[in-house]
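1. Everything below, folded, please.
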Amino acid sequence: MLELDRVSVSYDGVPAVTAASLRLPEAQVLAVLGPSGCGKSTLLRAVAGLEPLAGGRVLVDGADLAGVPTHRRGCALMFQDGQLFGHLTVAGNVGYALRLRRTPARDVARRVDELLALVDLAGYAERLPGTLSGGERQRVALARALAVDPRVLLLDEPLSALDATLREHLAGELRRILRRAGTTAVLVTHDHEEAFAVADRMAVMRSGRVVQEGPIGEVWQHPADAETALFLGYARVLRGPAAAVVARAAGLAATPALAVRRSSLVVSPVGRLPGVVESARATPEQVRLVVRLEEVGEVDAVAPTGAHAAPGDVVHLTVDPHRLAALPES
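-> Numbering: from 1, shown residues only. Next comes the predicted model:
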């Protein structure tokens, strides 16, 4: 188990991380999300021992890592660009740390073959990094990080340099690889879709603080506040009477504030909420609308592809209660 107990990090007296506490069970993946500059990469570097603590403790399996140097913590760190050695082959990169430990050559070769099979790169051992695609290079970097069986794998936005389609594919691959390897991992990302694809648990950071942490489904369904909900991809937050109207249409109890996904509201002939279309934009999957509802105001909604909804048209909306989140009053 990895545990962070009120960890704080400062630069020249300016707090970068403040009293961050997290618990990650063995063989699970924690995604740490937050906007740029929120302290998530600093937190990762503190776990690795690359940043001194201004306060708190980092523990692995109950042992405090205070004073333990980076190379003895049992952590492996993987960055967004992979940082492969361009002059070494794929096999040379993957087996690099094992050779530093003076592992017998036969054992290195066996472990390299195992890892290349794990990341679906069997047969790539003699290739040079410059001949690989971006996704292939990242898989080599992952295999290299796993080579020494780290107690905790630390992933600092490992897919952010890739294009959207490849990033989505590799997120699923990363999940599969970590599960098969049984690795405890912390993934830092600003992309909530990537977090949902890879992680078991989620922590949301803002201004150096962990504002919410828990199982990924629980954080998604119950955001701690409006700002967290919007960061996680909810389109709007409705308050007061507007929240009550939409909650009632969804068959839910009234709530002081309601976070609403765009796809929560769908145009339907049997919809209970009539409104006027303010704008419409077609995408390959659906038509995205802004609709003005009486007693509510503007909301985001969707209609099926090919639907003819133009500004000024009257439409009726149904509400999916599973794509709403009640928020605390504050």
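2. which other helices and strands contact the host helix or strand of A117?
-> For A117, the enclosing helix or strand under DSSP states H and E is helix 105-118. Identification of packing neighbours for helix 105-118 by 3 or more C-beta pairs under 8 Å, 6 or more residues apart in numbering; DSSP states H and E yields helix 90-94, helix 96-100, helix 134-146, helix 164-181. All C-beta spots, glycine's among them, are computed from the backbone N, C-alpha and C.
3. SS state for A203?
-> When the structure is split into helix, strand and coil by DSSP: H, G, I helix; E, B strand; the rest coil, A203 lands in strand.
4. show me the contacts for it.
-> Under the criterion of C-beta atoms under 8 Å, 6 or more residues apart in numbering, the neighbours of A203 are 22, 30-33, 210, 212-213.
5. nearest to V119, of those residues?
-> In terms of C-beta to C-beta, no member of the contacts of A203 lies closer to V119 than A31, at 20.0 Å.
6. end-to-end on stretch 252-270?
-> 18 Å (C-alpha to C-alpha, to the nearest Å).
7. Can you give me the neighbour number for D113?
-> Taking other C-beta atoms under 10 Å as the neighbour definition, D113 ends up with a count of 15.
8. how close does it sit to T228?
-> When distance is defined by C-beta to C-beta, to the nearest Å, D113 is 44 Å away from T228.
9. same question, A280
-> As it turns out, when the distance is counted by C-beta to C-beta, A280 lies 29 Å from T228.
10. hang on, the earlier thing: neighbour-wise, which one of the contacts of A203 leads?
-> If you rank these by neighbour count (other C-beta under 10 Å), V32 sits at the top with 28 neighbours.
11. which ones are touching that residue?
-> V32 makes contact with 40, 43-44, 186-189, 202-203, 205 under the criterion C-beta under 8 Å, 6+ apart.
12. Which secondary structure element of this protein has the lowest mean pLDDT?
-> Across the helices and strands of the chain, mean pLDDT, DSSP states H and E gives its lowest value to helix 164-181, namely a mean of 86.
13. Within the sheet, what are the partner strands of the next helix or strand after that one, with directions?
-> Reading on from helix 164-181 to the C-terminus, the next helix or strand found by DSSP H and E is strand 185-189. Paired with strand 185-189 in the same sheet, following DSSP bridges, are strand 29-33 (parallel), strand 152-156 (parallel).
14. Looking at those strands, which is nearest to R137?
-> For the strands paired with strand 185-189, the distance to R137 is smallest for strand 152-156, at 14.7 Å, taking C-beta to C-beta.
15. that older thread, so for the least confident helix or strand of the chain, what gets flagged as buried?
-> Applying a neighbour-count criterion of 16 or more other C-beta atoms under 10 Å, the buried positions in helix 164-181 are 167, 170-171, 173-175, 177-178, 181.
16. With adjacent residues omitted, what lies nearest to D200?
-> Here the nearest residue to D200 in space, its sequence neighbours aside, is Q28; by C-beta to C-beta, 6 or more residues apart in numbering that works out to 4.3 Å.
17. how near is the residue most central in space within the chain to G13?
-> By C-alpha atoms, centre = their mean, the mean C-alpha position of the chain lies nearest to A195, the distance being 2.3 Å. When C-beta to C-beta is the yardstick, A195 and G13 sit 32 Å from each other.
18. try V210
-> 21 Å.
19. and F196, that one's in a helix?
-> Yes - residue assignment for F196, taken from three-state DSSP, places it within a helix.
20. In terms of residue numbering, what are the domains of the protein?
-> The chain resolves into domains spanning 2-229, 234-327 when parsed by automatic domain parsing.
21. Thanks again, I'm all set now.
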